[in-house]
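Test case, fold it:
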Amino acid sequence: SSLFGSRIQHPAWHGASAMAASPSGRTQKGRRGLDNSVGPDPSAKAEERLIETFDYCVKRVLEELPREGEVPQAVLQALCEQHPRFKDQADLRRMKAEEQRLKAQLKKLEEMKGVRGSMRAR
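Next up, the predicted model:
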């Protein structure tokens, strides 16, 4: 017995005769101009994914507010965050940038505290 020895019956696998006839008995050739596809439109799904990706990129750029020359790099970073192959590396870059930002903010706060402390000591 072969791997494909037993056939599973599925409506889409009944051959060309079943595909050629419509429920009304007319052939598909007689129904030109009508959309016979079932399910979501693949191009609509692609457009939806593209819009979601652009929305994410815009959100990330607005969060980061890069300088004018750094916008392409910020968009690339956002795209990498969305891609399964590059997501881990992009997340690591994002966390390192956040760490640097927080360290700079901490240093600035410590300097401000030091200035205030020296003013009080007078």
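
where in this structure is pLDDT low?
1-37, 117-122 (pLDDT under 70).

Spell out the residue ranges of the helices in it.
Counting by DSSP state H, the segments of the chain that form helices are 16-20, 42-64, 71-82, 87-121.

export those helices to CSV and tack on mean neighbour count?
No exception for glycine: its C-beta is placed from N, CA and C like everyone else's. Shown next, in CSV, are the helices of the chain (neighbours: other C-beta atoms under 10 Å):
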stretch, mean neighbour count
helix 16-20, 10
helix 42-64, 12
helix 71-82, 16
helix 87-121, 10
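
Give me the contact list for stretch 104-117.
By C-beta atoms under 8 Å, 6 or more residues apart in numbering, no residue outside stretch 104-117 reaches it.

Was I right to think residue 89 contacts residue 77?
No: with contact defined as C-beta atoms under 8 Å, residue 89 does not reach residue 77; the gap is 10.0 Å.

Spit out the contact partners of residue 86.
With contact taken as C-beta under 8 Å, 6+ apart, residue 86 is in contact with residue 80.

Please shift the residue numbers so they start at 42 in all later answers.
Will do, 42 is the new start, and the previous item becomes residue 127.

Against residue 106, how distant is residue 150?
Separation of residue 150 from residue 106 (C-beta to C-beta, to the nearest Å) stands at 20 Å.

Residue 139 now?
From residue 139 across to residue 106, the span is 14 Å (C-beta to C-beta).

contacting residues for residue 135?
By C-beta under 8 Å, 6+ apart, the contact list for residue 135 reads 118, 122.

Mind doing that once more with 10 Å?
With contact taken as C-beta atoms under 10 Å, 6 or more residues apart in numbering, residue 135 is in contact with 101, 105, 118, 119, 121, 122.

ditto for residue 134
Contacts of residue 134 (C-beta under 10 Å, 6+ apart): 118, 121, 122, 127.

List phi and psi for the last one.
Think residue 127. Dihedral pair for residue 127: phi -110, psi 0, per degrees, to the nearest 10.
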